[in-house]
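Engineer: the following comprises the amino acid sequence and a computationally predicted model.
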Amino acid sequence: MRAILLFVTAAIILGACGSEDEELLSVKLKSESEYIKTGISCGYCAGVCLDSLAVTPNKLIYKRTTWEEGDPKTEIIEQAFTQKGWENLIGLVPLQEFSELDLESCARCWDGCDYWLEIKSGGIENSISFAWNEFPQQVDSLTKALNSIKEQFNDD
């Protein structure tokens, strides 16, 4: 019984963290007609366990939550982005194929990490999640480019 209670509590906490991440980005992107949102969500870890990147044709929004000693620390960084940069990124994924993907991982439910990706562009809107470093072929180039952008924020 005790193990079941611990598992349910952990699942609720993990679910709440992901919801908070999504909620913040949704508020900041409310007026945007096109965007790419991505991030990681990990279970049972220290250090950076949640991060999110939202990309629009004119801005980048990066959110990172770290756990060290005690409470989590959250940082949000916004930067300008260019239309050309947007076109390069969105051109890395076949939108029709992406819209047909139906992937929902839960590696974060244990001690792994999930990578999630949501795209809204050209009348297409879909979101997927998959175990970290198991990128579907359709989004491999895009996830590498997005990770490169996130690394720039982490170098600061």
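Structural biologist: Nice, I can see it.
Engineer: give me the low-pLDDT residue ranges for this protein?
Structural biologist: 1-32, 43-49, 68-70, 107-111, 156 (pLDDT under 70).
Engineer: again, 90 this time
Structural biologist: The model of the chain has pLDDT under 90 over residues 1-33, 39-51, 64-75, 101-116, 129-138, 153-156.
Engineer: can you show me the helices along it?
Structural biologist: Under the criterion DSSP state H, helices of the chain are mapped to 2-28, 83-90, 95-100, 140-154.
Engineer: and the residue nearest to Phe130 when sequence neighbours are not counted, what does it touch?
Structural biologist: Nearest residue to Phe130, sequence neighbours excluded (C-beta to C-beta, 6 or more residues apart in numbering): Ser105, at 4.7 Å. For glycine as for every other residue, the C-beta is placed from the backbone atoms N, C-alpha and C. Listed by C-beta atoms under 8 Å, 6 or more residues apart in numbering, the contact partners of Ser105 are 114, 129-131, 134.
Engineer: try 7 Å
Structural biologist: 114, 129-131 (C-beta atoms under 7 Å, 6 or more residues apart in numbering).
Engineer: equivalent analysis for Pro94, please.
Structural biologist: Gln138.
Engineer: so it versus Gln83, what's the distance?
Structural biologist: 21 Å (C-beta to C-beta, to the nearest Å).
Engineer: tell me if I'm right that Lys120 and Glu34 touch.
Structural biologist: Yes - between Lys120 and Glu34 there is a contact under C-beta atoms under 7 Å: 6.0 Å.
Engineer: I'd say Leu92 and Val139 touch.
Structural biologist: No - if you go by C-beta under 7 Å, Leu92 and Val139 don't touch, sitting 8.2 Å apart.
Engineer: who has more neighbours, those two?
Structural biologist: Comparing Leu92 with Val139 by neighbour count (other C-beta atoms under 10 Å), the higher total belongs to Val139, at 23 against 16.
Engineer: can I assume the more buried one is in contact with Trp116?
Structural biologist: No - taking contacts as C-beta under 7 Å, Val139 lies outside contact range of Trp116: 11.0 Å.
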